[in-house]
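K.L.:
Let me see the structure of the following:
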Amino acid sequence: MDNEISFEDKLKSAKEILEKLSSPSITLKDGMNEYKKGIAILNEATKMIEDAKLEYEKLQIDKHS
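P.N.:
A predicted model of the protein is given here:
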């Protein structure tokens, strides 16, 4: 069973973190922790996009071979 979080769920999580960071009541420490989590999630989402692009390009090459 695939336990990987979907791209869409990663974006949803990043949006939730952004909302937390927009709160005027967030502490500096909590803000930094949320920021770090957000960056990690966005890096994972970016990797997913890059992997999908490579797979698509491979399929295009295979299709024309």
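
K.L.:
so the residue nearest to the spatial centre of the chain is in which element?
P.N.:
The chain has A45 as the residue nearest its centroid, 2.9 Å off, counting by CA atoms, centre = their mean. Remark: A45 resides in helix 28-64, with elements defined by DSSP states H and E.

K.L.:
what residues are up against the residue nearest to the centre of the chain?
P.N.:
7, 10-11, 14 (CB atoms under 8 Å, 6 or more residues apart in numbering). For every residue, glycine as well, the C-beta is placed using N, CA and C.

K.L.:
same thing but at 7 Å, please
P.N.:
With contacts taken as CB atoms under 7 Å, 6 or more residues apart in numbering, A45 has the following neighbours: 7, 10-11.

K.L.:
of those residues, buried ones?
P.N.:
Neighbour-count burial within the contacts of A45 applies to K10; the criterion is 16 or more other CB atoms under 10 Å.
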